[in-house]
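# Okay, sequence plus prediction incoming.
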Amino acid sequence: MNYLIGLIPALGWGIMPLLATKAGGSEKNQIFGIGAGASIIGILAFIITKPSVSWQAFIFSMVCGAIWSTAQIGQFISFKRMGVSTTVPLSTVFQLVGNSIIGTLWLGEWQGAKALTIGFGALVIVVIGALLTSVTDKNGEEAGKITVGNVLFLLVTTIGYWVYSVFPNVFNKINLGAHSSEGIFLPEVLGILLGALLYLIFTGELKTFKDKEQYLNIIPGLSWGIAAFAYIFAGRGLGTNTAFVLTQLNVIIATFGGILILHEHKSPREMKYTVAGIICIIVGSILTIFA
């Protein structure tokens, strides 16, 4: 049963980009939908589990969620610029490399020569994987989708994910009162919704509430919320390392879902490089656990 629960995050996070792209609309519609859908799951989970959470932890978690939303907005924009099958592998690599470097330099992870060798060797493998997935045979406008500018934009917006990933360690360093994993889930997803609303306000796009896509995108938000809540129990039942490995399957689902469901065309040569790249990313991700 624990392994079935562990597959829920991979499935939910893997199909979320596909559902959001199918629902359509702009990144403004999509980030609102993620925030609203995840908040529905968060409210239901809070009512059912009745967790404990201090007001300090509640506010801190909302800030975490709002910061996460900035990275997700960048990913939604990148879906349109480069496609899901290209964006997801690159984003995964950027997150893994950034989180690993932060963990090593700031949090004291990967201590010792053996850990550093395995860890940075794994990062080299995932970077090679990212390069392989970005290989293209296309010319002209199609080739222009995978540009240095588009890749850098995705990298810069990924900073929001890096900051978000550091916050659990901050929880352990400062006194935020009593809280549980279930308790901070609701304020985190409310923070995502808050981040989405602030984005709409500051971009002057409140008119998007008249778009049907604004509400269709709640469906991928439900998918994301279920996956995120299930990850709490997957980590508890299987251990963080095993749960993390299972979540890497979301890269396979999103990448090949983009090709098969969203019809993001890949030539036979591009497909070979994409498959090789995905294998490298997954292998490298797993190796970081042993560092």
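All right, it came through fine.

# roughly how far apart are F46 and A228?
13 Å (C-beta to C-beta, to the nearest Å). To be clear about C-beta, it is placed using only N, CA and C from the backbone, and glycine gets the same treatment.

# between those two, who's got more neighbours?
Neighbours per residue (other C-beta atoms under 10 Å) separate F46 from A228, with A228 holding more: 21 against 18.

# check contacts around the more buried one.
Counting by C-beta atoms under 8 Å, 6 or more residues apart in numbering, A228 touches P9, G12, W13, A38, I41, F185, E188, V189.

# of those residues, closest to S267?
W13 (27.6 Å; C-beta to C-beta).

# Measure how far the helix or strand encompassing the closest one is from the centre of its chain, please.
Per DSSP states H and E: W13 is located in helix 2-23. For helix 2-23, the separation from the chain centroid amounts to 11 Å (computed by C-alpha atoms, centre = their mean, to the nearest Å).

# Output it in PDB with nothing but the alpha carbons.
What follows is helix 2-23, C-alpha atoms only, in PDB (Å, rounded to 0.1, in the frame of the first residue of the first chain):
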ATOM      1  CA  ASN A   2       2.800   2.400   0.800                       C
ATOM      2  CA  TYR A   3       4.300   2.000  -2.700                       C
ATOM      3  CA  LEU A   4       0.900   2.700  -4.200                       C
ATOM      4  CA  ILE A   5       0.700   5.900  -2.200                       C
ATOM      5  CA  GLY A   6       4.200   6.600  -3.300                       C
ATOM      6  CA  LEU A   7       3.200   6.500  -6.900                       C
ATOM      7  CA  ILE A   8       0.400   9.100  -6.500                       C
ATOM      8  CA  PRO A   9       2.800  12.100  -6.400                       C
ATOM      9  CA  ALA A  10       4.600  10.900  -9.600                       C
ATOM     10  CA  LEU A  11       1.200  10.500 -11.300                       C
ATOM     11  CA  GLY A  12      -0.300  13.700 -10.100                       C
ATOM     12  CA  TRP A  13       2.700  15.900 -10.700                       C
ATOM     13  CA  GLY A  14       3.300  14.200 -14.100                       C
ATOM     14  CA  ILE A  15      -0.100  14.700 -15.500                       C
ATOM     15  CA  MET A  16      -0.600  18.200 -14.100                       C
ATOM     16  CA  PRO A  17       1.400  19.900 -17.000                       C
ATOM     17  CA  LEU A  18      -0.600  17.900 -19.500                       C
ATOM     18  CA  LEU A  19      -4.000  18.800 -17.900                       C
ATOM     19  CA  ALA A  20      -3.000  22.500 -17.700                       C
ATOM     20  CA  THR A  21      -1.900  22.600 -21.300                       C
ATOM     21  CA  LYS A  22      -5.100  20.900 -22.400                       C
ATOM     22  CA  ALA A  23      -7.200  23.300 -20.300                       C
END
